[in-house]
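A.B. asks: Here's my sequence, what's the structure:
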Amino acid sequence: MVTDDKFYLSLAVNEAWKYQGLTYPNPAVGCVITDKNGAILAVAAHKQAGLPHAELEAAKEALSKLNPLLKFPKETDNLHAFISKNHNNLLKNSTFYVTLEPCAHYGLTPPCTALIIALGAKKVCIGSLERNEKAKGGVQILKKAGIEIEHSILKEECDELLKPFLLWQNGSFSFFKIALRLDGTYDNGTITSDEARIFVHKLRSKCDLIVIGGSTLRSDNPLLDARLINGRAPDALICTTKNVEKNANVFQVKNRKVLVQNSLEYPKKYKNIMIEGGSNFLRLMSEKTDYFLIFRSADFSEKGDKKIKMDLKLKLLYQSSIGADSFGWYCKNSS
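C.D. replies: Below is the predicted model:
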């Protein structure tokens, strides 16, 4: 393994994080393709269940760059077949950098291993090895085809990227979303930009359940839906020891179930869970939370008086900007 392998794979990791939570129930996966001289041809990711896997998306991007005249079909299954037959050896001796071992099974599309072999790739560099019995075996298939394999590159980073998928495969994954101003306050109306709010609604539409405390219900009376993208609203769980007004907004959303309980336990049938709230609820839920999604606006507030006050050490996994704001995915820092 050379230093460049880590660099290229880091680009794939970063691209995949852009779609973390949006690919449910599939994992977030990134892929970079370089030519035989190390020039980058594509940086791509799996964007949503039912859309092309990262390897297929990257192959399309690379071939579009090398042959702009190619007209690709929109359907995912047709795209795989089209690229396999019309690549014209443009990606021969290329290297694929993939955050997760390429799949070896037939699902909505043929396996990515078949695509990589058809394209004549010389080498595949992998971050995390596949643990799903149904999808694993890609390394052996690629080696048998004479393709050079490097694996466990940036393993820790790729495993962190994969963790939500593994958790909802074997139980449930939960993340706490909170938006803060630059001065750390989080009350008094809308905090983040429209772009950030739309992104949150996209995430909500992919969740099975959204959880809030009674204090958030009474102070904000939120809808907790995905109206900004006309998306599906997740079921809602209100954790409170007090009575709940049945005319609250959360009960007015069609085709959703609202649960009220005096415990912090999640019903077992829910796999992908978003938690929202303020300082007190964050304190209560922090031990049950796998990841934290924190938005920061560039605003100060003269009126804001609520701030997060707790001893919680976090490790930054990914950070980016969105609209006028920034956001980051975090996990608890065990060190």
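
A.B. asks: burial measure for the closest residue to Asp4 other than its chain neighbours, as a count.
C.D. replies: Leaving aside its chain neighbours, Asp4 sits nearest to Gly38 (6.4 Å; criterion: CB to CB, 6 or more residues apart in numbering). (Each C-beta comes from the backbone N, C-alpha and C, glycine too.) Counted by other CB atoms under 10 Å, the residues lying close to Gly38 total 11.

A.B. asks: tell me the pLDDT at Gly38?
C.D. replies: We have a pLDDT of 94 for Gly38.

A.B. asks: helix/strand/coil for it?
C.D. replies: coil (DSSP: H, G, I helix; E, B strand; the rest coil).

A.B. asks: Tell me how far it lies from Phe7.
C.D. replies: Distance from Gly38 to Phe7, counting by CB to CB, to the nearest Å: 10 Å.

A.B. asks: Also Leu142?
C.D. replies: The gap separating Leu142 from Phe7 is 22 Å, by CB to CB.

A.B. asks: higher neighbour count, the two?
C.D. replies: Neighbours around Leu142 and Phe7, counted as other CB under 10 Å, are more numerous at Leu142. The numbers are 24 against 14.

A.B. asks: Checking that one next. Helix, strand or coil?
C.D. replies: Strictly by three-state DSSP, Leu142 counts as helix.

A.B. asks: Could you check the pLDDT of it?
C.D. replies: 97.

A.B. asks: Can you classify Ile273 by secondary structure?
C.D. replies: strand.

A.B. asks: What number of residues are in the vicinity of it?
C.D. replies: 25.

A.B. asks: do the same with the one 4 residues further on
C.D. replies: If you count neighbours by other CB under 10 Å, Gly277 ends up with 23.

A.B. asks: C-alpha coordinates for the helix or strand His201 falls within, CSV please?
C.D. replies: In this structure, His201 is located in helix 194-206 according to DSSP states H and E. Extracted as CSV, the C-alpha positions of helix 194-206 are listed here (Å, rounded to 0.1, in the frame of the first residue of the first chain):
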residue,chain,number,x,y,z
ASP,A,194,-33.4,26.9,4.5
GLU,A,195,-30.8,24.5,3.0
ALA,A,196,-30.0,23.0,6.4
ARG,A,197,-33.7,22.6,7.2
ILE,A,198,-34.4,20.9,3.9
PHE,A,199,-31.5,18.5,4.6
VAL,A,200,-32.9,17.7,8.0
HIS,A,201,-36.3,17.0,6.4
LYS,A,202,-34.6,14.6,3.9
LEU,A,203,-33.1,12.7,6.9
ARG,A,204,-36.5,12.7,8.7
SER,A,205,-38.1,11.1,5.6
LYS,A,206,-35.6,8.2,5.9
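
A.B. asks: now the strands for the stretch 51-200 of the chain?
C.D. replies: Secondary structure of the stretch 51-200 of the chain (DSSP state E, counting those that start in this stretch): strands located at 95-100, 123-128, 148-150, 173-180.

A.B. asks: for the stretch 201-335 of the chain, same thing?
C.D. replies: Ranges of strands in the stretch 201-335 of the chain, per DSSP E, counting those that start in this stretch, are 209-213, 235-239, 258-261, 272-276, 291-296, 314-322, 325-332.

A.B. asks: Please tabulate those in TSV, including the columns mean pLDDT and distance to Glu195.
C.D. replies: Shown next, in TSV, are the strands of the stretch 201-335 of the chain (pLDDT from 0 to 100; distance: least, CB to CB, whole Å):
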stretch	mean pLDDT	distance to Glu195
strand 209-213	97	20
strand 235-239	97	24
strand 258-261	96	28
strand 272-276	97	18
strand 291-296	96	11
strand 314-322	96	5
strand 325-332	96	8
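
A.B. asks: between these, which one is nearest to Lys92?
C.D. replies: The closest of the strands of the stretch 201-335 of the chain to Lys92 is strand 314-322. By CB to CB, the value is 33.3 Å.

A.B. asks: what comes up buried for the closest one?
C.D. replies: For strand 314-322, the neighbour count (16 or more other CB atoms under 10 Å) marks 317-318, 322 as buried.
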